[in-house]
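>>> got a structure for you, letters missing:
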């Protein structure tokens, strides 16, 4: 009876990649959801509308990894708590254990699969907000949040080191806060600070230079975009980071924003103010446009047999599926699709702040399951990704499953660089 109502009232007033801010009282006091009475009427309707089909948990990377999270059971726990206990008893830590909430990668697979459009992630993040305000977070996550608050990045590095990867590059990359550029490149934390990724970041800059792109970066003016901070449940920190970035961007003269990080892409595009209407592009969208216009031509045809992994925040959240594939084909590579691809792609396991948290007891990490899936395709030599976190997660997974001799994890920009 309530399923059609839930479909009718589903999230149509905002993009799928945008979370609602923390709810407030009539006096503008934040509501941190610990009881059913703290949830919205739509969240309660979600619980009642669940058809118990189990499609959400079948698609959930956390459930399949052996964590305590089942999106289906989460909804049933909310329903049972309402039926038997009313709206007053505490949910978090009692009806719903903390480790259930922290296991979520916010990949959106559960929402994608639900036939009655239940929005599991909105409720999980609301309940996480209560855990954060009460200090019920693990040590690794606490450290990451402290670093983000103090330094603007999760690595705890100085803001002056953010663009250290660009040192020695000629010509020097423009400072978008000091001179006008066509494209403002929002580099992101992992691409800026992770020592295993800086070579890829350099190659990205060199590709941009080779195609004559007029671009710049904000150097120390850039902070973490806040996508994962918000999904952890630290809304106040998200707002602080967003405010700092918007202040820095307001000083820049640019026509569009580009980023290599789907997490930054999602939050800049869907959760930041419009900034005068300038478009936000993932680098695969931009390169696809340059290929179509003839501005990007490849001098060398690669002859690799590859498979491509769709990042959750690029694909499922923002519908960018074809641009990366067209670029791969333009380099001369043959794409072999994995069984789970496009909107059914399996999450790497890093999203929703999971990359900052203790792993806990699991049967097999989602990233390892994904690499095994790729190896079983046969004949595929390269596993292509388009997200810095994916590079980190999958290169580690290749080692842990012992597949170093069978498959190589590459960022899409590495193919483009080689083909140029």
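Arrived safely. Computed from a predicted structure; not experimentally measured.
>>> you'd agree residue 148 is in a strand?
No. Using DSSP: H, G, I helix; E, B strand; the rest coil, the secondary structure at residue 148 is helix, not a strand.
>>> surely it meets residue 236?
No. Applying C-beta atoms under 8 Å, one finds residue 148 not in contact with residue 236, separated by 11.3 Å. In this view, the C-beta of every residue, glycine as well, is placed from N, C-alpha and C.
>>> Between the two, point out the one with more neighbours.
residue 148 (26 against 14; other C-beta atoms under 10 Å).
>>> what's the burial count for residue 402?
Using other C-beta under 10 Å, residue 402 is surrounded by 10 other residues.
>>> And it, which helix or strand is it part of?
For residue 402, there is no host helix or strand (DSSP states H and E).
>>> Could you check stretch 201-210 and say which residues are buried?
Neighbour counts over stretch 201-210 (16 or more other C-beta atoms under 10 Å) mark 201, 202, 203, 204, 205, 207, 208 as buried.
>>> Output the residues you listed as CSV; include the columns pLDDT, secondary structure and distance to residue 371.
Shown next, in CSV, are those (pLDDT from 0 to 100; DSSP: H, G, I helix; E, B strand; the rest coil; distance: C-beta to C-beta, whole Å):
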residue, pLDDT, secondary structure, distance to residue 371
201, 98, helix, 23
202, 98, helix, 26
203, 98, helix, 23
204, 98, helix, 24
205, 98, helix, 28
207, 97, helix, 26
208, 98, helix, 30
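>>> what's the closest of those residues to residue 393?
Within the buried residues of stretch 201-210, proximity to residue 393 (C-beta to C-beta) peaks at residue 201, which comes in at 17.1 Å.
>>> Tell me who's in contact with the closest one.
165, 187, 191, 192, 260 (C-beta atoms under 8 Å, 6 or more residues apart in numbering).
>>> Now the fourth one: closest residue in space, sequence neighbours ignored.
Read that as residue 192. Leaving out its chain neighbours, the residue that sits closest to residue 192 by C-beta to C-beta, 6 or more residues apart in numbering is residue 162, at 4.9 Å.
>>> which residues does the one you found contact?
Applying C-beta under 8 Å, 6+ apart to residue 162 gives the contacts 153, 187, 192, 193, 219, 220, 222.
>>> Just confirm the third one is within a helix.
Yes. When three-state DSSP is applied, residue 192 is found to be in a helix.
>>> name the helices or strands packed onto the one helix or strand residue 391 maps to?
Using DSSP H and E, residue 391 falls within helix 388-400. Counting contacts by 3 or more C-beta pairs under 8 Å, 6 or more residues apart in numbering; DSSP states H and E, helix 388-400 packs against helix 189-193, helix 366-375, strand 382-385, strand 408-411.
>>> What residues sit buried inside it?
Quick answer for helix 388-400 (16+ other C-beta under 10 Å): 388, 389, 390, 391, 392, 393, 394, 395, 396, 397, 398.
>>> Nearest to residue 227 among the residues you listed?
Using C-beta to C-beta, the buried residues of helix 388-400 come closest to residue 227 at residue 389, 10.8 Å.
>>> If you drop the residues flanking it in sequence, what lies closest to that closest one?
Residue 389 sits nearest to residue 350 (C-beta to C-beta, 6+ apart), 4.3 Å away.
>>> how about the one you found, what does it touch?
105, 367, 389, 390, 392, 393 are the contacts of residue 350 under C-beta under 8 Å, 6+ apart.
>>> burial count for residue 53?
Neighbours around residue 53, by other C-beta under 10 Å: 13.
>>> please renumber so the chain begins at 61
With the count now opening at 61, the last piece we talked about shows up as residue 113.
>>> Just want the angle from the helix holding residue 451 to helix 426-435.
Using axes from the mean of the first three to the mean of the last three C-alpha atoms, to 10 degrees, the inter-axis angle of helix 448-460 relative to helix 426-435 is 70 degrees.
>>> Run through the chain and note the low-pLDDT ranges.
Low-confidence segments of the chain (pLDDT under 70): 147, 335-336.
>>> could you pull out the strands for it?
234-235, 243-245, 275-277, 316-319, 340-342, 365-368, 394-395, 442-445, 468-471 (DSSP state E).
>>> Partner strands of the first one, with direction?
Under the criterion DSSP bridges, strand 234-235 sits next to strand 275-277 (parallel) in its sheet.
>>> isn't residue 218 right up against residue 207?
No. Look at residue 218 against residue 207 with C-beta under 8 Å: they stay out of range, at 11.1 Å.
>>> more neighbours, those two?
Between residue 218 and residue 207, counted using other C-beta under 10 Å, residue 207 has the larger neighbour count: 18 against 12.
>>> ok, and the closest non-adjacent residue to the residue positioned nearest the centre of the chain?
Nearest to the geometric centre of the chain sits residue 323, at 3.5 Å (C-alpha atoms, centre = their mean). Sequence neighbours aside, residue 287 is the residue nearest to residue 323 in space, at 4.2 Å (criterion: C-beta to C-beta, 6+ apart).
>>> The one you found: neighbouring residues, count only.
30.
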